[in-house]
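In: sequence plus the predicted model coming up.
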Amino acid sequence: MDFRVELEREEDGRWIAEVSELPGVLVYGETVEQAQAKAQALALRVLADRLDHGEAVPFESVSFSAA
């Protein structure tokens, strides 16, 4: 499954990154690269948590793209 990391710059200069397919995956970073990396890491933690709790994950691989 290909997750989209949506990136936007805030007025204070920080970057916000969100993976809308995974509720709660929303992070801030000082740079666009940092925000994207943090979003990917949090998304993977959310997916791992779902697997740990026996929730179905309907795909075998994960990839990310920037929006």
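Out: Sure thing, it's come through. The structure presented is a predicted model; accordingly, all values stated were derived computationally and were not measured. Numbers count the residues shown, from 1 in each chain.
In: hey, let's count contacts and neighbours off CA atoms from now on
Out: Noted.
In: can you list the low-confidence ranges for the protein?
Out: 58-59, 61 (pLDDT under 70).
In: kindly list the longest strand within it.
Out: The longest strand of the chain (DSSP state E) is strand 2-9.
In: and the helix or strand just after it, what does it pack against?
Out: Under the assignment DSSP states H and E, the closest C-terminal helix or strand after strand 2-9 is strand 15-18. The elements that strand 15-18 packs onto, with contact taken as 3 or more C-alpha pairs under 8 Å, 6 or more residues apart in numbering; DSSP states H and E, are strand 2-9, strand 26-29, helix 32-52.
In: ok, Ala56 - contacts?
Out: By C-alpha atoms under 8 Å, 6 or more residues apart in numbering, the contact list for Ala56 reads Arg50.
In: helix, strand, or coil at it?
Out: Secondary structure, DSSP: H, G, I helix; E, B strand; the rest coil: Ala56 is coil.
In: among the helices and strands packed on strand 15-18, which is the most enclosed?
Out: Most buried of the helices and strands packed on strand 15-18, by mean neighbour count (mean count of other C-alpha atoms under 10 Å): strand 26-29, with a mean of 19.
In: and the most centrally placed residue in the chain, how far from Val62?
Out: For the chain, the residue nearest the mean C-alpha position is Ala39 (3.4 Å; C-alpha atoms, centre = their mean). To Val62, Ala39 is 13 Å away according to C-alpha to C-alpha, to the nearest Å.
In: need the contact partners of the longest strand of the chain.
Out: So strand 2-9 is in contact with 15-21, 32, 35-36, 39-40, 62-67, going by C-alpha under 8 Å, 6+ apart.
In: which of these count as buried?
Out: Buried members of the contacts of strand 2-9, counted by 16 or more other C-alpha atoms under 10 Å: 15-19, 32, 35-36, 39-40.
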